[in-house]
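Asks: What follows is a predicted structure for the sequence shown.
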Amino acid sequence: MRIAIVDESAARASIIEEGLSELADCDLVVITERRGMLARMSEIDPDIVLMDLGNPSRDMLEEYFAVSRALARPIAMFVDEADDEAIVASVEAGVSSYVVDGLAAGRIRPILDLAITRFNAFARLQSDLAEARGKLAERELVDKAKRILMQSKGLPEPKAYAELRKTAMDQGKRIVNIAEAVVTAHELMSGT
Amino acid sequence: MNTQLTIGFLPLVDACLPILALEHGFAEDEGISLSLVKDLSWATVLDRLLYGHSDAAHMIAPLAIAATLGRGRPAQPLAAPFVLGLNGNAITLTPTLARRVRGDEKGLGDPVKVGAALREVALERAAAGKPLTFGVVHRYSSHNYMLRYWLASCGIRADKDVDISTVAPPFCAEALELGEVDGICVGEPWNSVAVEKGVGEIVLSTSQIWRRGVEKVLALREPVLEEKRDAVLRLIRALCRAAAHFVDPINWEHNAAILARPEYLDGSPELIRRAIADQILIARGGTMIHYPDFMFQYREAANFPWVSQAEWLYSQMVRWDGLAFDRADADKAARVFRPDIYRAALLGTNEPLPGASSKVEGSIVTPTVVGTQQGNMVLESNAFFDGKVFDPQRIEEYLAQLF
């Protein structure tokens, strides 16, 4: 069985590819380029196409399938028309799939389930990454506020930090919020 | 307690009414908290609507009918109680082709003359084995149907003499530039983007093909419409206010700036303002022309979902999908448009309500006073460029005359 994975995010495509590679007798082909996609698709002649839901080329691809249905083999959207639950899960995860009609549901379902799991894993990875980036930015902000206090008040580093922490506790705020206020005030005062 | 409603849209100028209803607080005034979800393909907008990510969607009218009839995916009944606008699309050709078919014309061409000149090129190219290719935004779009209607009427057979394929609006200019297509039929600002880049020249506005052609609708799943009927009625009133605001010249600049924001169209305020003002720059460095009613968002109860418009779209679906006319499908398609909901929302307001819910499309050539349920209404020309009329009582006869 040939599976085409279409995703403009090469990172996500490779995560899905890796996830599906454990399936027996499946050829996986990844397409990340919009240009020439239809020609690639006709070359690959896939049994299943997995595509990220928000891909801007979906209308083009659906048109291609609609036309190829008249010419060659019918293609149906999603797993099984009646399998609403799977469809909802895949829309939630952000994956759409196009399946050649006549392929047994029993063969399709595990592929879609894996794709959904991988899409969700990728989304988690991204939010973890965003959170990590946010934490890094917070630490930089606190360091900057500390340096400002050290310079303007001539405090040693531990004292500067203690001052930030105490103010945060007194005001019931997070240290990073106080640090932000210090940095903003400093920028305003120094006119930078 | 405000009702939350989520509306999906594509970044096009005619997504304006939901956006302005939110931005100017018209929805809030009606007790609706609107959130808007932007997508890049109609397939995604439809998925979100069908699987509950959105309550309603900005949608190409034929797609709402196709979804109801189960074309291309499992059938799910959709309802369109409000038309988001008429026309607003254009046909843009590569500069070389545009100059050849336009002749000496300085502004928009004459559909008959341009069509005749295009036919010559189309037949030449087909004979040489390199048929002209046109890009439309979706198989089930008014763009596709308007383009095909015009071509067929000019003796150019779509799918035989010329190819028509799907190109997403943001990629239209690029497709022209790369020579993937010879022409596109798309909404604004995407024609103007092609013109600005010097890769295309506008030859026709779709309003020249059908003076009052239905374009986008507000689509909901039928069960959602029933369940949230009261909120939908309020939303319709808010959208109507947005429409009045949109067409008022005093607001053009400001509204263009709002629509241009990254979260909406993420485009040029100047190009968007032009579309709102019915101004069209035909070619880069050329003259700006004013084509009245290029976009048609409010006057003459433009937002009223005439059942006959849905039936015309169904007739074109039969025509181009190569299907046999089916009475049951025609009835289902007709029921997608919901004038009853529109009336319920606007009864007792200052908005005019027509007496009838269906009309013979293409039958009005001079301004005509029509009977109303409330207010006064004068309808201007709604003609098709070839003078044909569509009587929804006689769809089969109409189709026979077209084939």
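Replies: The structure has been received and is ready for your questions.
Asks: what about the residue of the stretch 101-250 of chain B found nearest chain A, how many neighbours?
Replies: In the stretch 101-250 of chain B, no residue comes nearer to chain A than residue B:166, which is 3.8 Å away by Cβ to the nearest Cβ. (Each C-beta comes from the backbone N, C-alpha and C, glycine too.) If you count neighbours by other Cβ atoms under 10 Å in any protein chain shown, residue B:166 ends up with 25.
Asks: roughly how far apart are it and residue A:159?
Replies: 66 Å (Cβ to Cβ, to the nearest Å).
Asks: contacting residues around residue B:372?
Replies: Residue B:372 makes contacts with B:352, B:353, B:354, B:355, as judged by Cβ atoms under 8 Å, 6 or more residues apart in numbering or on different chains.
Asks: and it, bridged to which residues?
Replies: Counting by DSSP bridges, residue B:372 is bridged to residue B:354.
Asks: For chain A, just list every one of the strands.
Replies: A:2-6, A:27-31, A:48-52, A:75-77, A:95-100 (DSSP state E).
Asks: Quick one: check the last one for contact with chain B.
Replies: I take that to be strand A:95-100. Yes - Strand A:95-100 reaches chain B (Cβ under 8 Å from any Cβ of the partner chain) through residue A:96.
Asks: other SSEs contacting that strand?
Replies: strand A:48-52, helix A:58-71, strand A:75-77, helix A:105-153, helix B:42-50 (3 or more Cβ pairs under 8 Å, 6 or more residues apart in numbering or on different chains; DSSP states H and E).
Asks: average pLDDT across the longest one?
Replies: Rounded to a whole number, the mean pLDDT of helix A:105-153 is 84.
Asks: one step back: quick check on the contacts of residue B:372: which are buried?
Replies: B:352, B:353, B:354 (16 or more other Cβ atoms under 10 Å in any protein chain shown).
Asks: now, among these, which is nearest to residue A:1?
Replies: residue B:354 (55.6 Å; Cβ to Cβ).
Asks: doesn't residue B:378 make contact with the closest one?
Replies: No - under the criterion of Cβ atoms under 8 Å, residue B:354 is not in contact with residue B:378, lying 11.2 Å apart.
Asks: what sits in contact with each of those two?
Replies: Contacts common to residue B:354 and residue B:378, judged by Cβ under 8 Å, 6+ apart, are residue B:370.
Asks: remind me which residues of chain A are low pLDDT?
Replies: A:69-83, A:102, A:105, A:191-192 (pLDDT under 70).
Asks: just chain B next, same as before
Replies: Those would be B:1, B:403, if you go by pLDDT under 70 across chain B.
Asks: which bits of it sit near chain A?
Replies: Residues of chain B lying close to chain A by Cβ under 8 Å from any Cβ are B:39-44, B:47-48, B:51-53, B:72-74, B:137-139, B:165-168, B:170-171.
Asks: tell me the contacts of the closest residue in space to residue A:177 that isn't next to it in sequence?
Replies: Nearest residue to residue A:177 in three dimensions, chain neighbours excluded: residue A:168, at 7.1 Å (Cβ to Cβ, 6 or more residues apart in numbering or on different chains). Residues near residue A:168 by Cβ under 8 Å, 6+ apart: A:174, A:175, A:177, A:178.
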